[in-house]
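Undergrad: A predicted structure for the sequence below; I have some questions about it.
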2 protein chains.
Amino acid sequence: MTSRQTVTIVDVARAAGVSKSTAGRALAGAAEVSARTRDKVARVAAELGYRPNQLARSMITGNTQTVGVVVPDLSNRFFAEVLQSTARTVRKHGYEVLVSSTEGEPELERRAVETLAAKRVDGLIVAPLDGTDDDHLRRLAEDGTALVLLDRRAPGVDRASFVSANNIEASRLAIDHLIRLGHRHIGIISEARYDPALLDVTEPSAAGLRPSAMRLAGYLQAMTAAGVPTRPDHVMHSAYSSAISYDATRTLLRTNPEITAIYCTDNVLSAGAFAAVQDSGLRCPQDLSLIGFDDHEWATLVRPRLTAVEQPTEAIGVAAAEDLLDAIATPARPPVTRLLAAHLVVRDSTAVPRRQDVD
Amino acid sequence: MTSRQTVTIVDVARAAGVSKSTAGRALAGAAEVSARTRDKVARVAAELGYRPNQLARSMITGNTQTVGVVVPDLSNRFFAEVLQSTARTVRKHGYEVLVSSTEGEPELERRAVETLAAKRVDGLIVAPLDGTDDDHLRRLAEDGTALVLLDRRAPGVDRASFVSANNIEASRLAIDHLIRLGHRHIGIISEARYDPALLDVTEPSAAGLRPSAMRLAGYLQAMTAAGVPTRPDHVMHSAYSSAISYDATRTLLRTNPEITAIYCTDNVLSAGAFAAVQDSGLRCPQDLSLIGFDDHEWATLVRPRLTAVEQPTEAIGVAAAEDLLDAIATPARPPVTRLLAAHLVVRDSTAVPRRQDVD
């Protein structure tokens, strides 16, 4: 696009015998230009192979018909599916989507947001990383840019809508299922760390907590509500890596043999935990029940098939797209929060616990 | 970004007491502006919260420091991994990446390419779909836009570099492995259809053939080279869907019980074929060997672990990025073709065939 032979609006105007601004308005379909001139300019533009400069067009229409989406990890199926659903929704309204993946690095998130802003997208959907200062997002929102936060709130940004699964309720579904089966020693593999304050967290007030912390809160709250004591040593921290989750799960099973069930709170951790259970010598589900998180391509290919909490990725993608389109159309509209219900898909990796040892 | 309060270069120039063009050159770091002026303009720009308009900057530097990547399906792990590697490589050189997914629809590919072109990216990496007329890509390349084709050539586009796995050789690895084990009745699940002309196809001359056709060619050629007759009824067509691949595999096993091994030629087809084998009543690998394609998160979680052809996604991503950066830096450079070697990861889903029936 830096070619010196690029045909510009000036070339089109000259060939059509009109002024540059008339040519621009004609191509934008402006009503004040006669139909005859519009047709002529369009014909000349096609003949010359003119490719409209979107910024030039946006200076006329105020709209580039593109939106940006910024996610931490495109190889995570959750984000890939939400993105697909978002793209499908905005395309129905004539918008194109440009995507950036930030690979979990706050500096890349800041650059991705700035790149898209500089490209004059009409709005942005961002799944912010933990550990960023959120200044770049706050500034965007204060500038009046349509912004929807996905999956995680950003504490300093109160002028953006928010779309996510209801993560506290998602965990409650998993834990209630295990407790109903009779489990009382339930471990959790989590990117968050044990914190008794999570017992009092509620969704609407939880600005800034990561999804993993919300899911850990849901675990602690569901256990407590059922009268099952929670134990810090049953909360096993793992970084966002299935290899690390593998080690964390092996460690948890070794140090806490009383555990009869494990709940993993994300996509990437579930794969490592499943492999660890396979290699542990324990039979699943007879000796150990396992619940994963998110829809996995492999959930029905493995044996036992994996019981998992599934987020409503399709609905999350649609909701984020619709909120963004609303914000573009009506900048003054107050931001909304939408928490969508996850559901539990019970397959074969959960069962009644083995005979309880005395603890 | 369509906010009316946006700070422009004119505001910065006025506040810094310089002309608009001096302000622009100062922010671009141009040498003809004094260091003192550059510092002053930069300070004023920061105070005002000026966000550079990349197009304005690109009109000065001729470079927007962004590249576009267009792929058919981001939920396909192959593309997600190549993209990650490409992004990492170009970022080292100061470039940002914008991605579009075309969901297998030629019209969306055309729009994605045009959107990115209109955003003035410095170059594009495109994995083109089959069934497009490639005009949009040819036009781009002829306009002098840096363009690298990924995974599939585009017949009408001879001014773009091409990076892919060597698909004929990839299939040869799989088939040679099965033949060495003693298999002679080897089925293939493929997005391509049987065509005897594929026996004579070679990689360098195969412009326009899809990867799946190249892989089918490799299968036919490896069988023939080993003196094993190929049979049209052992080539089972499946659309790009694991559900359809499931049905195709079940059908193939039912209509051709002499088959002792199946080879799947892509990521999505492998999952359906694996599930079909599980449900077929055949023991894998004792009754039936199975080879998948691409690295799967589940390859080591399932039992038997999946033997698979793995593409060098990391190297493909790096090569595409480097070729694009070269083409941006040196527009006159002739296009290059790079075919990177896949490798076979032998796990537990392949073994010697069951006692051969007479066919």
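TA: Looks like it arrived, so ask away. Values in this document were obtained by computation on a predicted structure and should not be read as measured data.
Undergrad: any chance you could map the strands in the stretch 251-359 of chain A?
TA: A:261-264, A:289-293, A:307-310, A:337-340, A:343-345 (DSSP state E, counting those that start in this stretch).
Undergrad: how many neighbours does the residue of the stretch 151-300 of chain A found nearest chain B have?
TA: Closest approach between the stretch 151-300 of chain A and chain B, counting by C-beta to the nearest C-beta: A:Trp298, at 3.2 Å. The way it works is simple: take the backbone N, C-alpha and C, and place the C-beta from them, glycine included. A:Trp298 is flanked by 20 other residues according to other C-beta atoms under 10 Å in any protein chain shown.
Undergrad: what do you get for the one 4 residues further on?
TA: Each residue near A:Val302 was counted by other C-beta under 10 Å, and the total is 22.
Undergrad: Quick check: it vs chain B, distance?
TA: 5 Å (C-beta to the nearest C-beta, to the nearest Å).
Undergrad: can you put the strands of the stretch 251-359 of chain A in TSV and add mean pLDDT and distance to chain B?
TA: TSV is the format used below for the strands of the stretch 251-359 of chain A (pLDDT from 0 to 100; distance: least, C-beta to the nearest C-beta, whole Å):
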stretch	mean pLDDT	distance to chain B
strand A:261-264	98	13
strand A:289-293	98	11
strand A:307-310	98	13
strand A:337-340	95	20
strand A:343-345	98	16
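Undergrad: out of those, nearest to B:Arg180?
TA: strand A:289-293 (37.6 Å; C-beta to C-beta).
Undergrad: Show me what the residue lying closest to A:Ala315 once chain neighbours are set aside is bridged to.
TA: With C-beta to C-beta, 6 or more residues apart in numbering or on different chains as the criterion, A:Ala315 has its nearest non-adjacent residue at 5.2 Å, and that residue is A:Leu340. Judged by DSSP bridges, the bridge partners of A:Leu340 are A:Ala165.
Undergrad: Return the distance of A:Leu340 relative to A:Leu198.
TA: Separation of A:Leu340 from A:Leu198 (C-beta to C-beta, to the nearest Å): 21 Å.
Undergrad: Same question for A:Leu324.
TA: Taking C-beta to C-beta, one finds A:Leu324 at 30 Å from A:Leu198.
Undergrad: Please say which of these two ends up with more neighbours.
TA: Using other C-beta under 10 Å as the criterion, A:Leu324 and A:Leu198 rank with A:Leu324 on top: 29 against 23.
Undergrad: residues contacting the more buried one?
TA: By C-beta atoms under 8 Å, 6 or more residues apart in numbering or on different chains, the contact set of A:Leu324 is A:Val67, A:Val90, A:Gly123, A:Leu124, A:Ile125, A:Ala146, A:Leu147, A:Val148, A:Ser161.
Undergrad: Same check on A:Glu142?
TA: A:Arg159.
Undergrad: again, but for A:Asp348
TA: Contacts of A:Asp348 by C-beta under 8 Å, 6+ apart are A:Pro285, A:Arg303, A:Pro304, A:Arg305, A:Leu306, A:Thr307.
Undergrad: Give the ChimeraX command for selecting the buried subset of these.
TA: Selection command for ChimeraX covering only the buried members of these, criterion 16 or more other C-beta atoms under 10 Å in any protein chain shown:
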select /A:285,304,306,307
